[in-house]
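Student: Got a predicted structure plus its sequence, pasted below:
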Amino acid sequence: MKIIAIRQFLRAEENSSTVNPTISLIQPISRGATNLEKNLISRFRQTKIAHIHHLLVCDELDAASITLCRELQLQYPDKHITLLIVPREKDDVASKISKMNLALTEAKAEVVGFIDDDIELYDDSLFELAQSLLTHKNTGVVFGLPIAVSKENIWSAINTLFVNTQAFFLYIPLTYLIDPFTITGHIYLLRRAVFEEVGGFRNMDNQFHDDNELAVRLMNHGYTCFQTKVIYKVHNYLATLGLLNKQLKRWFMMPRKSILQNATATQKIVTSLLSLDFFIPLVAMIWATISMSVTHIISFAFILTVFIVIDQIHIKYNLKLPFQLSNLLLYPFVVCIIPLMVLVTFVTPNSHIYWREQKIKLKDNGFFEVVK
C-alpha cells in the first residue's frame, strides 16, 4: 500500500498557475560539507526564477568554504551572491541559527528560503516549490523530498539505501492520513511576511530542531505545512560505521525530544503505526536465529526477499534510479542491523549526540546544551 501511495503522490497533477516571486535564499555553510561546490552551483542554475538573492553564510574560521564562495562569486558575476561571515572565538562554533539570523538582515525578497549545505537541486526545484507556496491557500511553508546519492564507501551506500527506501516510505503515506506537522528542513520556502508574522527564529538559539519549532509557530497562527513532490539530492559522506551510528542516533533521538513531544495523540499513533513495518525483518531475523528452525529461516528469507523486491520497484519506478546489484548485498544491514541500532538508541539512557560540530545534550521540547 505504501508503494502505491508514493506512486500516486509523485504522479499527481501540478497546479497550472505560474508565479515568479523574488527569493532570498539563505544558505548556511558548515565546515567540511560534502560536495559543497556542486551543491552551490546547482542553486545558481535555478533559471526559472527571475531574481534570487543567494545569501551564503560562513564561519569566520572556515577558510576553505570562504575561499570557495569568493571564487564562485567571481565565476558567476551575473548572479546576486552575497557572502556573509559570522565572527566567533577560537573554541566556539558559529551556530546555524546565528548564520541564518545574520542572513535575514539582508533578506528583502517576497519569499525567503533556507537550504542546507549538503543539498543539490535539480534545475527547476526552486520554481516548483514557489508554485506550491504561492498557489495553495493558507500554506505557511513548503518543502520537498530527499533522495540520498552518496556512495563513496559502504557506510555512505548503506545510508543512501536506507534514506531512499525505509525513510522514504514514511514521508508520503503519512500525508494521506494526517496533515504534515513538521518541516523536512533540508530546503523550505516561506513568504517573508508570514515568516516575520510568526516570529521567525526568535528565541531559538538553544533549540536543535529550529525547523520543527518554526512549523509549530506556523500552525499556531493557522498556517499549514505543505509536503510537495519536489525531489532534491542529499550528499552525505560517512567515512566510518561510527559516523553512520552517530547520524542514526541524531535522526531517531532528536524527534523524540522535539517533534513527538509537540505532536497530538493522533499524530503520534499514526506515525507509530506507519513505522511498525520497519522492524519486521529484524523480528524475523531474531526469531530465526533463536529457534534455528528451518521454517523460521525460510520465513525470514521470504520476508527479506519481499522487502528487496518492493524497494527495488520503488527505486526504479518512483525515484527513477538505476538498479545496482551491490544494493542487494547491503539489504540485510539496512533492514535488519539498522533497526537493531535504532532499538539500542531507544533504550540507551545517554542523550548526548554529535551535531553541527558540537557534542550536545538533548533536553525536552527541542532544547539543548553544549557538552564541553
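Tutor: The structure has been received and is ready for your questions.
Student: okay, stretch 304-316 in CSV with CA atoms only?
Tutor: C-alpha atoms of stretch 304-316 as CSV (Å, rounded to 0.1, in the frame of the first residue of the first chain):
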residue,chain,number,x,y,z
LEU,A,304,13.8,-10.2,3.2
THR,A,305,13.0,-11.1,-0.4
VAL,A,306,9.7,-9.3,-0.3
PHE,A,307,11.3,-6.1,1.1
ILE,A,308,14.0,-6.2,-1.5
VAL,A,309,11.5,-6.6,-4.4
ILE,A,310,9.3,-3.8,-3.1
ASP,A,311,12.2,-1.5,-2.5
GLN,A,312,13.7,-2.1,-5.9
ILE,A,313,10.3,-1.4,-7.6
HIS,A,314,10.1,1.8,-5.6
ILE,A,315,13.7,2.8,-6.5
LYS,A,316,13.3,2.1,-10.2
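Student: Give me the residues contacting it.
Tutor: Residues from elsewhere that reach stretch 304-316 (CB atoms under 8 Å, 6 or more residues apart in numbering): 3, 6, 164-165, 168-169, 280-281, 284, 321-323, 327-328, 331-332, 335-336. C-beta here means a position set from N, CA and C on the backbone, and glycine is covered the same way.
Student: What is the neighbour count of Gln75?
Tutor: Neighbours of Gln75 under the rule other CB atoms under 10 Å: 12.
Student: who touches the most centrally placed residue in the chain in this structure?
Tutor: The residue lying closest to the centre of the chain (CA atoms, centre = their mean) is His186, at 4.4 Å. With contact set as CB under 8 Å, 6+ apart, His186 has these partners: Ile115, Asp116, Asp118, Ile119, Phe143, Gly144, Pro146, Tyr232, Val234.
Student: rerun that using 10 Å as the cut-off
Tutor: Contact analysis of His186 by CB atoms under 10 Å, 6 or more residues apart in numbering lists 114-116, 118-119, 143-146, 211, 232-234.
Student: From Trp287, how far off is it?
Tutor: 37 Å (CB to CB, to the nearest Å).
Student: and what of Gln73?
Tutor: Gln73 is 59 Å from Trp287, by CB to CB.
Student: How about Val334?
Tutor: For Val334 relative to Trp287 (CB to CB), the value is 19 Å.
Student: Show me which of the two is the more surrounded one.
Tutor: Val334 (24 against 14).
Student: Which of the three states applies to that one?
Tutor: helix (DSSP: H, G, I helix; E, B strand; the rest coil).
Student: Which neighbouring residues are in contact with it, exactly?
Tutor: Val334 touches 157-166, 281, 307-308, 311, 327, counting by CB under 10 Å, 6+ apart.
Student: can you rerun that using 7 Å?
Tutor: Counting by CB atoms under 7 Å, 6 or more residues apart in numbering, Val334 touches Ile158, Leu161, Phe162, Thr165, Gln166.
Student: how about the last one, secondary structure?
Tutor: Right, Gln166. Assignment for Gln166 (three-state DSSP): helix.
Student: Numbering from 817 from now on, please.
Tutor: Sure, I'll start numbering at 817, so the last one becomes Gln982.
Student: from memory it sits against Phe1094, does it?
Tutor: Yes: between Gln982 and Phe1094 there is a contact under CB atoms under 7 Å: 5.9 Å.
Student: contacting residues around Leu977?
Tutor: Applying CB under 7 Å, 6+ apart, the residues contacting Leu977 are Asn1143, Leu1146, Val1150.
Student: Just the pLDDT for it.
Tutor: On pLDDT, Leu977 comes in at 92.
Student: same deal with Glu1185?
Tutor: Per the predicted model, pLDDT is 81 at Glu1185.
Student: And the strands in the stretch 817-966 of the chain, which stretches?
Tutor: Applying DSSP state E, counting those that start in this stretch to the stretch 817-966 of the chain gives strands spanning 838-844, 867-875, 896-902, 927-931, 935-936, 955-964.
Student: And the first one, how far out from the chain middle?
Tutor: Here the centre of mass of C-alpha atoms in strand 838-844, compared against the chain's by CA atoms, centre = their mean, to the nearest Å, lies 17 Å away.
Student: and if you look at the fourth one?
Tutor: Between the centre of strand 927-931 and the centre of its host chain there is 15 Å, according to CA atoms, centre = their mean.
Student: swap in the third one?
Tutor: If you compare the mean C-alpha spot of strand 896-902 with that of the full chain, they lie 24 Å apart, counting by CA atoms, centre = their mean.
Student: okay, the angle between it and strand 867-875?
Tutor: Interaxial angle, strand 896-902 versus strand 867-875 (axes from the mean of the first three to the mean of the last three CA atoms, to 10 degrees): 20 degrees.
Student: who does strand 896-902 pair up with?
Tutor: Applying DSSP bridges, strand 896-902 is found paired with strand 867-875 (parallel).
Student: any idea of the angle the strand it pairs with forms with strand 927-931?
Tutor: 40 degrees.
Student: Flag every buried residue along strand 867-875.
Tutor: Going by neighbour count (16 or more other CB atoms under 10 Å), the buried part of strand 867-875 is Ile868, His869, His870, Leu871, Leu872, Val873, Cys874, Asp875.
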